[in-house]
Structure formats: C-alpha cells, structure tokens
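In: Below: sequence and its predicted model.
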Amino acid sequence: MSENKAMPTMENMIPSMDKLLSPWREGSLLTLEYSQKMLDVRFKTMDSAMKAGIAQARSWCEVRDAESLKNASQSQQETLSAIGESLREESETLLKLSKEYQEKCQGVAKEALDSAKE
C-alpha cells in the first residue's frame with residue numbers, strides 16, 4: 001500500500017493541534033479557577049450568615065423578661081448589620097474576581113489571535 005504524501009502524519013498534526021487547543025485549555029483552566037474562588041467566597045459568606053442566624057435564634061429562645069427581650073432585639077440589629085457588611089464585602093470580592101477573570105480571558109483571547117496570525 002502506498003503512502004499518501006498529501007496527508008499529514010500524526011507527528012506533523014500534533015503541534016498544530018496543540019497550538020489550536022492551547023487557548024481553549026487555558027480558558028477552561030481559568031474558568032475552573034474562577035468558579036472555585038467564587039464558590040469559596042459564597043460558601044464562606046453563607047456559612048457565616050447561617051451561624052449568625054442560628055446564634056440569633058438561640059438568643060430569642062432565652063427571652064424571659066423585658067431586659068432579655070431588649071438584649072435579644074439589640075443583638076438581632078447587630079447581627080443583621082454584620083450580615084449586611086459581610087454581604088457588601090462579598091460583593092466587592094466577587095466584583096474583583098470577575099474583573100480579574102475578564103482581564104485574564106481577554107489576555108488568552110489576544111494571545112490566541114496573535115498566534116493564529118503567525
């Protein structure tokens with residue numbers, strides 16, 4: 001059987017395929033890294049809010065008189081304020097992560113376009 005000289009060999013195709021697939025691979029890794037960071041931030045905030053909510057529910061169970069009612073009410077205001085601050089910090093962190101991800105993706109896309117022109 002004669003070899004077809006027009007058909008490239010696997011050894012010749014691999015560098016081209018790697019050049020083509022490298023930006024996709026890098027973009028996928030960036031997406032996974034971003035997703036993990038984003039979920040870590042979200043779960044940390046949720047965990048903190050859940051613990052604060054449970055602690056607050058426990059304080060309401062301890063209400064026995066006017067003074068303990070006043071203390072539980074004041075504690076609830078402080079808890080809600082702390083949760084609000086935590087959510088504000090979370091949104092700032094997520095915004096920062098999103099901008100970082102966008103910049104990295106744009107860099108990968110630019111490199112892919114530049115290498116395609118070569």
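Out: Sure, I can see it. Residues are numbered from 1 along each chain as shown.
In: Look up which helix or strand residue 105 falls in, please.
Out: In the assignment (DSSP states H and E), residue 105 maps to helix 66-117.
In: From the contact counts, what lies against that helix?
Out: helix 10-61 (3 or more C-beta pairs under 8 Å, 6 or more residues apart in numbering; DSSP states H and E). Backbone N, C-alpha and C define where each C-beta goes, glycine included.
In: got the angle between the helix it packs on and helix 66-117?
Out: Per axes from the mean of the first three to the mean of the last three C-alpha atoms, to 10 degrees, the angle that helix 10-61 makes with helix 66-117 is 170 degrees.
In: elements contacting helix 10-61?
Out: Packing partners of helix 10-61 (3+ C-beta pairs under 8 Å, 6+ apart): helix 66-117.
In: so what's the spatially most central residue of the chain up against?
Out: Residue closest to the average C-alpha location in the chain (C-alpha atoms, centre = their mean): residue 38, at 1.8 Å. Applying C-beta atoms under 8 Å, 6 or more residues apart in numbering to residue 38 gives the contacts 94, 97.
In: mind running it again at 10 Å?
Out: 93-94, 97-98, 101 (C-beta atoms under 10 Å, 6 or more residues apart in numbering).
In: now do residue 68
Out: Residue 68 sits next to 59-60, 62 when contact means C-beta under 10 Å, 6+ apart.
In: ok now the worst-scoring helix or strand of the chain on mean pLDDT, how far from the chain's centre?
Out: One helix or strand of the chain scores below all others by mean pLDDT, DSSP states H and E: helix 10-61, with a mean of 89. Averaging C-alpha positions (C-alpha atoms, centre = their mean, to the nearest Å) puts helix 10-61 4 Å from its chain's average.
In: likewise stretch 77-91?
Out: Here stretch 77-91 is found 20 Å from its chain centre; the criterion is C-alpha atoms, centre = their mean.
In: Going by neighbour count, which residues of that stretch are buried?
Out: Within stretch 77-91, the residues scored as buried using 16 or more other C-beta atoms under 10 Å are 79, 83, 86, 90.
In: Over to stretch 31-38?
Out: Neighbour-count burial for stretch 31-38 flags 34, 37 (criterion: 16+ other C-beta under 10 Å).
In: just to revisit the earlier point, just the buried members of the contacts of residue 38?
Out: Neighbour counting with 16+ other C-beta under 10 Å marks 93, 97, 101 as buried within the contacts of residue 38.
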